[in-house]
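Q: Predicted model, plus sequence, below.
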Amino acid sequence: MKLLSVHLLLVLVLAASSFRFSASPVTEPDPAWVKQVGAHSRPTSHALFSATKYGAVGDGVTLNTQALQKAIDAAARKGGIVTLAPGRYLTGSLFLKKGVELHLAKGVTLLGSQNLNDYPEIMTRVAGIEMKWPAALLNVLDQDNVAITGEGTVDGQGQPFWDKYWALRKEYEAKGLRWIVDYDAQRPRLLLVSNASNVTLQGLTLQRSGFWTVHVLYSKNVTVDGIVVRNNLGGHGPSTDGIDIDSSAYVLVQNCDIDCNDDNFCLKAGRDADGLRVNRPCEYVLIQHCVAGAGGGLLTCGSETSGSIRHIIARHLRAKGTKNGIQLKSATNRGGTVEDILVEDIELDAVRVPLTITMNWNPAYSYSELPVGYTQATLPAHWKAMLTPVAAEKGLPHFRNVRISNLQAIGAQTAISASGVATSLLDDFRLTNVHISAIKAGAIDFAQNWQFTNVKVETPDNMPVAVKNSVGVRL
């Protein structure tokens, strides 16, 4: 396993030294599936393919897309490692192939082109909807046995794409079209693994992504190890998630350090009618030994829950300054079940809401309604997908069997904000050894069968967590 960066090691050591419980920590034995997560193989050929020999120029100005792709294609014929001399290499979309390791050594930076034409359109899934969308800067599509490694940097140079989004959002919100902005403002992701297996991503620094940073989609046996994400350099990139695991299985994420502007570590499974049509779960995912700075949530399940999210373990995680700590979110047109979630050994500092659960997340974004003056027949396909109605019984999400243990939070605003709906109660949540210091205690609404063992919520007014519309929930 790759050694931790000095920064990450320091954070973990400091966090561990201050992490204390008033009772002995509870640790559950690993289920059998844990041994199956992550890549089971990686490229073995040590043949070197220097990108310089294929015309790559690291001057930060020359567009190197063709030269770098030639080096990748050459390595793919027999297997091997693509290397780059120290420098800054401007490029558009690159496509990794079976048996190839792209190694970005320290001193190597890939610069993402700021011209959208350098990212060819592909069929993919974006924010829960299958549609045509620009390829990512680095792509592993329909491949097996691929690695991207090294201590180098991949810089998406996302500012023009962020500006495009904000301009379109201002225009669309005035028209009542907030729900489609993210799909019309096409922005390239930084790294996409799609319909692939046995993929290893290790050691890289990824920064200033135009959109999501690492997207693992429809894939299995993927390892993401020692990745550093920095999306707050020189700007504030909207929706620049850290790592999104989307309808994928047997994924290992560890030793990562994420500072971004949306969910830090996120599990997804499609949204609304399109997600229900695809119906692929996100399952058997282990996230461990990671830290988060700025971002929407240390660990988020949803809001794309349609294909279900299940069999998830997240442990030994630290966050400072994220908006939410552990977050489960969906909407009443999503459907799907979030279940068998184990979260343990968590430390949160200045995290606004340590535990957030909602089935009615961000209504302006979650519910699609066509304003007056538009005609269905002339709409783009992805608009029609978003507008396809979902029957009430199919759209109702379910959250159940969630275990949270050994969690400590200081400097919070609201300790717990948990709300199901009358027809779908938050069922079978177990909190053990949880200590939260917050300004307000918060509330639990529409829940049943919650167990609390050694749970303490401290607030200036000493008010307890309010429990409403619930059965078998008693602090």
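A: Alright, I've got the coordinates.

Q: Let me see the ranges of the helices in the stretch 51-200 of the chain.
A: 65-78, 159-174, 181-184 (DSSP state H, counting those that start in this stretch).

Q: Quickly list what residue 444 is bridged to.
A: Residue 444 has these beta-bridge partners by DSSP bridges: residue 418, residue 467.

Q: still on that earlier bit, for residue 236, which of the helices of the stretch 51-200 of the chain is the nearest?
A: helix 159-174 (7.5 Å; CB to CB). The way it works is simple: take the backbone N, C-alpha and C, and place the C-beta from them, glycine included.

Q: Give me the below-cutoff pLDDT ranges for the stretch 1-150 of the chain.
A: Applying pLDDT under 70 to the stretch 1-150 of the chain flags residues 1-27.

Q: 90 instead, please
A: Applying pLDDT under 90 to the stretch 1-150 of the chain picks out residues 1-29.

Q: do the stretch 351-475 of the chain as well
A: 373, 375-377, 474-475.

Q: thinking again about what came up before, could you dump the helices of the stretch 51-200 of the chain into TSV with mean neighbour count and distance to residue 282 added?
A: TSV is the format used below for these (neighbours: other CB atoms under 10 Å; distance: least, CB to CB, whole Å):
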stretch	mean neighbour count	distance to residue 282
helix 65-78	18	29
helix 159-174	15	25
helix 181-184	19	19
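
Q: can you redo these as TSV with distance to residue 86?
A: Listed next are those as TSV, based on distance: least, CB to CB, whole Å:
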stretch	distance to residue 86
helix 65-78	15
helix 159-174	25
helix 181-184	37
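
Q: Residue 230 is nearest to which of those helices?
A: helix 159-174 (13.9 Å).

Q: Okay, and the beta partners of residue 426?
A: residue 447.

Q: got a list of what it touches?
A: For residue 426, the contact set (CB atoms under 8 Å, 6 or more residues apart in numbering) comprises 357, 399-400, 418-420, 444, 446-448, 450.

Q: For residue 297, which of the helices of the stretch 51-200 of the chain is the nearest?
A: helix 181-184 (17.1 Å).

Q: Quick one: residues in contact with the closest one.
A: Helix 181-184 is contacted by residues 126-127, 129, 131, 165, 168-169, 172-173, 239, 365, 382-383, 386 when judged by CB under 8 Å, 6+ apart.

Q: now, among the contacts of residue 426, which is nearest to residue 32?
A: residue 400 (21.4 Å).

Q: residues in contact with that closest one?
A: Contacts of residue 400 were listed using CB under 8 Å, 6+ apart, and they are 337-339, 426-428.

Q: Residue 384 falls within a strand, correct?
A: No: under DSSP: H, G, I helix; E, B strand; the rest coil, residue 384 sits outside any strand and is assigned helix.

Q: From residue 363, how far out is it?
A: 21 Å (CB to CB, to the nearest Å).

Q: Residue 36 now?
A: Separation of residue 36 from residue 363 (CB to CB) stands at 38 Å.

Q: Counting neighbours, go ahead and name the busier of those two.
A: residue 36 (14 against 11; other CB atoms under 10 Å).

Q: so that one sits right up against residue 285, yeah?
A: No: at 11.3 Å, residue 36 and residue 285 do not qualify as touching, with contact defined as CB atoms under 8 Å.

Q: Check the gap between residue 71 and residue 237 for me.
A: Here the criterion is CB to CB. By it, residue 71 lies 29 Å from residue 237.

Q: same deal with residue 41?
A: 34 Å.

Q: ok, the spatially closest residue to residue 93 that is not a sequence neighbour - contacts?
A: Nearest residue to residue 93 in three dimensions, chain neighbours excluded: residue 135, at 4.1 Å (CB to CB, 6 or more residues apart in numbering). Residues near residue 135 by CB under 8 Å, 6+ apart: 93, 95, 119-122, 124, 188, 192.

Q: again, only this time at 7 Å
A: 93, 119-120, 122, 188 (CB atoms under 7 Å, 6 or more residues apart in numbering).

Q: Just the residues contacting whatever helix or strand residue 251 lives in, thanks.
A: In the assignment (DSSP states H and E), residue 251 maps to strand 249-254. Residues from elsewhere that reach strand 249-254 (CB under 7 Å, 6+ apart): 36-38, 216, 220-225, 243, 245, 265, 283-290.

Q: do the same with stretch 115-126
A: 65, 92-93, 130, 132-135, 183, 186, 188, 194, 217, 246.

Q: ok, now stretch 343-351?
A: Against stretch 343-351 from outside (CB under 7 Å, 6+ apart): 15, 19, 27, 299, 314-322, 324-326, 354, 404-412.

Q: Narrow those to just the buried residues.
A: For those, a burial check counting by 16 or more other CB atoms under 10 Å picks out 15, 19, 299, 314-320, 322, 324-326, 354, 404-410, 412.

Q: Point out the ones among those residues that are inside strands.
A: 299, 314-320, 324-326, 354, 404-410, 412 (DSSP state E).
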